[in-house]
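Enquirer: coordinates only, sequence not included:
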């Protein structure tokens, strides 16, 4: 009897040892995630930028003798010069314009042109807009005083947007620096990522999933930056054609908004209002410029489906739905993560279906 109890206690002891080990591993994983969570966004952005820019990094490295560290330093300097500095200059110019506008309103030196009589005939908002416009021309400080609560809310919202842009730029700059360091050790980093996929899915499928992940991230980057650049160019040409004085600055702002996935109509709609209210355009010319600006303002809705799926062996709707769903839940970063996750899920599901179909006759 004692021998039976001793023999029966061995499996129970082994089970407890397994449960304790699993619990300790789970606690360690949870602790690591908790400690690493403040840097999760930074690392995800760093991986996205490293995967996207690695071909450019290697092309530049080949021209300077394959010195990876120097290439990464040059990439960081180029990123600061081409993205951070223009954004800072635009935000500084915007702040100066707002400050000058506030001072002009406070000192009652702002000159507002009289509204045209045709404004009254605009549908829905015509009469109200005409009254407010006339009041602003006659007594701007009084109008500002009556609208002070709303103006305060708008000012707080504007400050929040500016602060958000500042945080995003700092995050992007830090992610760019980390991505440049990763690209300097690109061979070992790529080997580590490939080993992870091989461990999870086997050598053959792991290699295919690795290539799919890289191609999806680069395709989404092309669909974001490429579409933003094309749309900004179209908007700039439309503004030049319409004779807008600050067409170049507005085109740069449209490029930054396109990269941030903000609709370009924020730029084109105020320009359309300016065209109709300035009195410098005839009716035919105003209608023509309005149509052109509206088309260029929504052109990204046509360009994104065409460019998001380039170079990926996955149907374009899968990439498109993944990018749109990820953007709706996680912003710009979610667009990359969503498209990659949905592409990987689609490929795994397709392979599972093929394996099940092939194994059915054998069974």
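Expert: Thanks, I have it. Here the structure is a predicted model, which means the values were calculated and not measured.
Enquirer: wait, residue 244 sits on residue 268?
Expert: No - using Cβ atoms under 8 Å, residue 244 makes no contact with residue 268, being 10.4 Å away. C-beta: built from backbone N, CA, C; applies to glycine.
Enquirer: Comparing these two, which residue is more hemmed in?
Expert: residue 268 (24 against 19; other Cβ atoms under 10 Å).
Enquirer: counting contacts, what elements does the helix or strand hosting the more buried one pack onto?
Expert: Assigned by DSSP states H and E, residue 268 belongs to helix 265-278. Judged by 3 or more Cβ pairs under 8 Å, 6 or more residues apart in numbering; DSSP states H and E, the packing partners of helix 265-278 are helix 227-242, helix 247-259, helix 283-297.
Enquirer: how about a cut-off of 6 Å?
Expert: Helix 265-278 makes packing contacts with helix 283-297 when contacts are defined by 3 or more Cβ pairs under 6 Å, 6 or more residues apart in numbering; DSSP states H and E.
Enquirer: C-terminal to the helix it packs on, what's the next element?
Expert: helix 300-307.
Enquirer: which strands and helices sit next to that following helix?
Expert: helix 227-242.
Enquirer: Show me how the record splits this structure into domains.
Expert: 39-184, 216-346 (automatic domain parsing).
Enquirer: helices and strands of the protein: which one bottoms out on pLDDT?
Expert: When the helices and strands of the chain are scored by mean pLDDT, DSSP states H and E, helix 140-146 comes last with a mean of 67.
Enquirer: Residue 294 and residue 32, how far apart?
Expert: Noted for residue 294: a distance of 51 Å to residue 32, by Cβ to Cβ, to the nearest Å.
Enquirer: Neighbour count for the two, which is higher?
Expert: Per other Cβ under 10 Å, whichever of residue 294 and residue 32 has more neighbours is residue 294, with 15 against 10.
Enquirer: how much space is there between the closest residue to the more buried one other than its chain neighbours and residue 250?
Expert: Spatial nearest neighbour of residue 294, chain neighbours left out: residue 268 (6.7 Å); criterion: Cβ to Cβ, 6 or more residues apart in numbering. For residue 268, the distance to residue 250 (Cβ to Cβ) stands at 9 Å.
Enquirer: swap in residue 30?
Expert: 49 Å.
Enquirer: same thing with residue 66?
Expert: Distance from residue 66 to residue 250, by Cβ to Cβ: 41 Å.
Enquirer: what's the answer for residue 16, then?
Expert: 69 Å.
Enquirer: Out of these two, name the residue with the larger neighbour count.
Expert: residue 250 (21 against 10).
Enquirer: shouldn't that one be in contact with residue 266?
Expert: No - under the criterion of Cβ atoms under 6 Å, residue 250 is not in contact with residue 266, lying 10.3 Å apart.
Enquirer: which stretches of the stretch 101-250 of the chain have low pLDDT?
Expert: 104-111, 118, 122-125, 139-141, 143-152, 154-155, 158-159, 161-162, 165 (pLDDT under 70).
Enquirer: again, but for the stretch 251-363 of the chain
Expert: 308-311, 356-363.
Enquirer: Go again with 80.
Expert: 252, 256-257, 259-262, 277-280, 304-317, 319-320, 323-324, 327-333, 335, 351-363 (pLDDT under 80).
Enquirer: tell me, which helix in the protein spans the most residues?
Expert: Longest helix in the chain by number of residues (criterion: DSSP state H): helix 316-362.
Enquirer: Between helix 247-259 and that one, find me the angle.
Expert: Helix 316-362 runs at 30 degrees relative to helix 247-259, counting by axes from the mean of the first three to the mean of the last three Cα atoms, to 10 degrees.
Enquirer: Need the per-residue pLDDT for residue 97.
Expert: In this prediction, residue 97 carries a pLDDT score of 69.
Enquirer: Distance of the residue nearest in space to the middle of the chain relative to residue 164?
Expert: What sits nearest the mean C-alpha location of the chain, by Cα atoms, centre = their mean, is residue 332, with 3.2 Å. For residue 332, the distance to residue 164 (Cβ to Cβ) stands at 12 Å.
Enquirer: go on, residue 325?
Expert: 22 Å.
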